[in-house]
Structure formats: structure tokens, C-alpha cells
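1. pasted the sequence and its predicted model underneath.
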Amino acid sequence: MAKTVIVGAGVVGTALAYELLRDGHQVTVLEKNTKPAEGTSYANAGLIAPGHSFAWASPKAPKILLQSLFKGGQALRFKPSADPALWSWMLKFLGQCTAGRAERNTLAKHALCLYSQACLERVTEETGIPYHHIGKGLLYLYRKPESFAAGTAHMKLLQDDGQEMQFLSGAEAAGVDPALEPSKHLIAGAVYCPTDGSGDARLFTRNLAGHCARNGVSFRYGTTVDRVMVKDGTVAAVRTDQGEIEADTVIFCTGVLGMDLLKGHGLPLPVYPVKGYSMTVPLDAESPAANRAPTVGGVDEDHLVAYARIGDRMRLTAVAEFSGYDRRYSDRDFDSMLKSAGSLFPGVGDYGKAEKWAGLRPMTPTGLPFMAPTRTPGLYASVGHGHMGWTMACGSARLMADAIAGKPPALPMESFALPN
Ligand SMILES: Cc1cc2nc3c(=O)[nH]c(=O)nc-3n(C[C@H](O)[C@H](O)[C@H](O)COP(=O)(O)OP(=O)(O)OC[C@H]3O[C@@H](n4cnc5c(N)ncnc54)[C@H](O)[C@@H]3O)c2cc1C
């Protein structure tokens, strides 16, 4: 039987392990951490958001980037460094900032997100795994009339592409989620995408890994891959700190890491870390305030803060920061989240007990992941899922499994090809 090795047990690698198991592969997953979902999949906002699948590279992006050099404390932070990879990435990103490319990338991303959402529903049905899923849509909130007008105009691209959406007043948004009742006067308008949803990516990944392990996938934690071994021009094994492991097929699902290992195979892939911050706030179920916590996730668009209910907790995330691979944080990094949640959901949650975290989004210049074979037969990459890897994971997995099987893919794969 063919031996298939997946490197990385984040949401992307674990979803792929499930699809390859389903297709009859003998799968081994190698993960340097001691558990699944300890990388970027650990504490993301949890939004399953085809309704928000815009490419970051747009005609407005260069000005916003430039402003971030001079203004502190904003949602986008650019800390220039001498890292050549940053400048090379940035040049490629700027090259994607035309109106035509922004539209093309957004529509390809939207197609992947919608397909992925359907795949996630299938995986949930087939496995029955819980992950605090809420399927009541997402609310994109605008505090100023002018930002609401700009937001609705922006959203039209996805609406024309088949995304279901409703344009609501603040009071109507509070009708969708009563948690907004005390703050509805602050909301100039909302875009409600009723088919979007939310869920805990970490819990999903861990439960899916458990399901896969019970059904024959071998997970080897605490195992770092440092080389792909090639024999007679094709993949033969991977070298790890625990010894060599034979493989006919190897798929890198390493998120923001591992690009140096792929370099030897004709790439290099422009995947750069964009840091984000996250707070998970416990809700006291006994307190009347718990009833005022959000039950429908969303985004405070004027502060660019995302939020979701994750079981008996509220997850908040914010900030896109170019500062390399440094994952440290300070209290100030959470200010925008505290301000946003404090005004939208006053008195909810115990912020003193919040779990703080910073993660690195594996961003590509187009905003689309790389999902394709490399120049070495048997070696594949599925990396660079950026700010929407939870939404795109299950669809990416099915597309990669079809590519490996040589089956016709459900979506055109050109948008996800590796650079020449
Ligand atoms: C603040 C924030 C908020 C976000 N919000 C959302 C959201 O609301 N919705 C959404 O869809 N997405 C969101 N995202 C994006 C999403 O979290 C990521 O796109 C996704 O988690 C990427 O998954 P991954 O499996 O590719 O990477 P990871 O989860 O990082 O997994 C990669 C794994 O590979 C392992 N690895 C790497 N190199 C090696 C090696 N050499 N040997 C062995 N193991 C290795 C790592 O240890 C890691 O576990 C958010 C991200 C951030 C940071």
C-alpha cells in the first residue's frame, strides 16, 4: 500500500488526513508539537465566513500600508525590517493590488470558501464530531453611515457571486442577535450573511485527529521534519529528528513554516507571517450577563475586530501585523478588542481571566493558498491559507486528495498553482 506522509497537524493537515483516509491511503501525520492545532489553528476567531472572503490585496491596500508606517495602534501594523523575504513578499503583494486582480483573487477565494463550507458540513455529518458549531450566520457591523455605505458597495461583488446577504439596521441586527440590544444605537448598519457560521477550529482539529487515529491514521507528535529525501528523482522518505520515515507521497501542510524545506524543490513559495492577536474570555454561565454574550459571530468592521461565541467563552481577535515570526504580545495589543467588545457587549465576560494568544497567518500575496504538486514527483504543498484557513481547510483537503488521486477537481486549480 502507498505510504502517504502529511507534515503538520493544523486544521489543514488534519482535514487532509481525513480525506486521504477516506480514499484508502495509509496515512502518517508528522507534527513537531505535542498535540494537533498548536500552531495558527490554536485560537483563531472561529469564523466560517465565505461572506468575508475578500483578498487583502486591493487598490486601497497600498495607501493603508503606507499610513500604517506613520500611525500607531491601528488594525494594520507594518514594522519594516531588513528581512529580504518581507520585501520580496511585499512587492508581489503590491503587484496584486489592481482592481482586476483583486476581483479575480476574491472570486477564486469565494469559490473555495463556499466549496469548503459544504465539505465541512459533510465531514461533520460523516464523523459526528462536535466543535461548538453555530450555523446562524454572521453579522458584519458598521458603526458609521459612510462605512456602512462603503461596506455594502464592497460586499456587492460577493452578493453578485451568489453569497446570500441582507442589509440591516442596528435594531434589525439586534433582532438577529439579541446580545446587540444594548448597543444597537451604535450600529449604523449591518450586513448579515445567514449562511456563514462559526466554530472552534482547535476543537474540530483535535476531534478530527482523534477520529482519524481511531480509524488507522498514525499521528507522530514531537517529530520535526527537516528534509525530504529523493531517490531516482522521486520522493522516497522524510528525514526527521526521530529518524527517517519512508514515503511515496509527502504533503506539506506546515502553515507559515517549512518554506525553507520546500525551497530545494524548485519553489520558493511567498508565504509570509502576518501576526494577529486573540483573547478568549470566559463567560460565567450563572451570571445574567452570560445571556448578553453574542450567540451569532461577526466583525466590528470599523475596528476590524472579529468575535464569536465558542461554547461558554467569547473569542475576540484583531490586528494584522507584519513583524516577522515573533509571537510575543503585550497588554496593549488587546486594546482594540477590549474597546470593541466593551461597547458592543457591555458587562459580558471576565476579561481578567481571558486567555491571550498571538498567531501567525500564513499569508500569500494573492490571499489564495498554494495547493499543488511541486517539481519533485510525489511532493505536494498545501500552505498559505492566510486569514481564512479554518474556512478553507476542508475544501482544500478534498481538492488536494483529488489532485493526488488524479481525479478531476471540483474547482479550477490554476489559482492555487505554485509559482514557476
Ligand atoms: C488572529 C487570527 C484570527 C483568525 N481568524 C480566522 C477566522 O475567523 N476564520 C478563518 O477561516 N481563519 C482564521 N484565521 C486563519 C487560520 O487560523 C489559519 O489560516 C489556519 O489555522 C492555518 O492552518 P494550517 O493548518 O495551515 O497551519 P497551522 O495551524 O499553523 O498548522 C501547521 C502545523 O505544521 C506544523 N509544522 C510546521 N513545520 C513542521 C515541520 N518541519 N515538522 C513537523 N511539523 C511542522 C506546525 O507545528 C503546525 O502545527 C485566523 C488566524 C489568526 C492568526
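-> Perfect, thanks for sending it.

2. in this structure, what helix or strand scores lowest on average pLDDT?
-> Using mean pLDDT, DSSP states H and E, the weakest-scoring helix or strand in the chain turns out to be helix 61-70, at a mean of 85.

3. CA atoms only for that one, dumped as CSV, please.
-> C-alpha atoms of helix 61-70 as CSV (Å, rounded to 0.1, in the frame of the first residue of the first chain):
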residue,chain,number,x,y,z
ALA,A,61,-4.2,48.4,0.2
PRO,A,62,-1.0,50.4,-0.7
LYS,A,63,-2.3,53.6,0.9
ILE,A,64,-3.4,51.8,4.0
LEU,A,65,0.0,50.1,4.3
LEU,A,66,1.7,53.5,3.8
GLN,A,67,-0.4,55.1,6.5
SER,A,68,0.4,52.2,8.9
LEU,A,69,4.1,53.3,8.8
PHE,A,70,3.2,56.6,10.4
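
4. in its sheet, which strands sit next to the following helix or strand past it, and in what direction?
-> Downstream of helix 61-70, the first helix or strand assigned by DSSP states H and E is strand 76-78. According to DSSP bridges, strand 76-78 forms sheet pairs with strand 313-322 (parallel).

5. where along the stretch 1-150 of the chain do the helices fall?
-> 11-22, 61-70, 84-95, 99-127, 145-160 (DSSP state H, counting those that start in this stretch).

6. could you do the stretch 151-300 of the chain as well?
-> Secondary structure of the stretch 151-300 of the chain (DSSP H, counting those that start in this stretch): helices at 170-176, 201-214, 259-263.

7. name the helices or strands packed onto the longest one?
-> When contacts are defined as 3 or more C-beta pairs under 8 Å, 6 or more residues apart in numbering; DSSP states H and E, helix 201-214 packs onto helix 11-22, strand 26-31, helix 99-127, strand 218-221, helix 389-405. For glycine as for every other residue, the C-beta is placed from the backbone atoms N, C-alpha and C.

8. list of residues touching it?
-> With contact meaning C-beta atoms under 8 Å, 6 or more residues apart in numbering, helix 201-214 is reached by 9-11, 14-15, 17-18, 21, 27, 29, 35-37, 41-44, 46, 123, 127, 129-132, 217, 219, 390, 393.

9. got the buried residues for the least confident helix or strand of the chain?
-> Across helix 61-70, burial judged by 16 or more other C-beta atoms under 10 Å covers Ala61, Leu65, Ser68.

10. before we move on, the earlier item: any of the contacts of helix 201-214 buried? List them.
-> Buried among the contacts of helix 201-214 (16+ other C-beta under 10 Å): 9-11, 14-15, 17-18, 21, 27, 29, 36-37, 41-44, 46, 123, 127, 129, 131-132, 217, 219, 390, 393.

11. what's the least confident helix or strand of the chain packed up against?
-> Applying 3+ C-beta pairs under 8 Å, 6+ apart, we find helix 61-70 packed against strand 76-78, helix 84-95.

12. what angle sits between that helix and helix 99-127?
-> 90 degrees (axes from the mean of the first three to the mean of the last three C-alpha atoms, to 10 degrees).

13. return the distance of helix 61-70 from the chain's centre.
-> Per C-alpha atoms, centre = their mean, to the nearest Å, the displacement of helix 61-70 from the mean C-alpha position of its chain is 23 Å.

14. repeat that for stretch 252-271.
-> Per C-alpha atoms, centre = their mean, the centroid offset for stretch 252-271 relative to its chain is 18 Å.

15. can it be said to contact the ligand?
-> Yes: residues of stretch 252-271 contacting the ligand under C-beta under 6 Å from any ligand atom: Cys253, Thr254, Gly255, Leu257, Gly258.

16. among the residues you listed, which one lies nearest to Ser147?
-> Nearest to Ser147 among these, counting by C-beta to C-beta, is Gly255 at 31.8 Å.

17. burial count for that closest one?
-> 25 (other C-beta atoms under 10 Å).

18. the helices and strands packed on helix 61-70: which one's closest to Leu304?
-> Of the helices and strands packed on helix 61-70, nearest to Leu304 by C-beta to C-beta is strand 76-78, at 8.0 Å.

19. and for the closest one, what's in contact with it?
-> For strand 76-78, contacts defined as C-beta under 8 Å, 6+ apart pick out Ile64, Leu65, Ser68, Leu69, Val319, Ala320, Glu321, Phe322, Ser323.

20. my read: the fourth one touches Pro80, true?
-> Yes: with contact defined as C-beta atoms under 8 Å, Leu69 and Pro80 form a contacting pair (7.2 Å).

21. now the angle between helix 84-95 and the least confident helix or strand of the chain, please.
-> If you take the same axes, to 10 degrees, helix 61-70 sits at 140 degrees to helix 84-95.

22. including distance to Phe148, mean pLDDT and mean neighbour count, could the helices and strands packed on helix 61-70 go into TSV?
-> As requested, the helices and strands packed on helix 61-70 are arranged in TSV below (distance: least, C-beta to C-beta, whole Å; pLDDT from 0 to 100; neighbours: other C-beta atoms under 10 Å):
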stretch	distance to Phe148	mean pLDDT	mean neighbour count
strand 76-78	21	87	18
helix 84-95	28	95	15
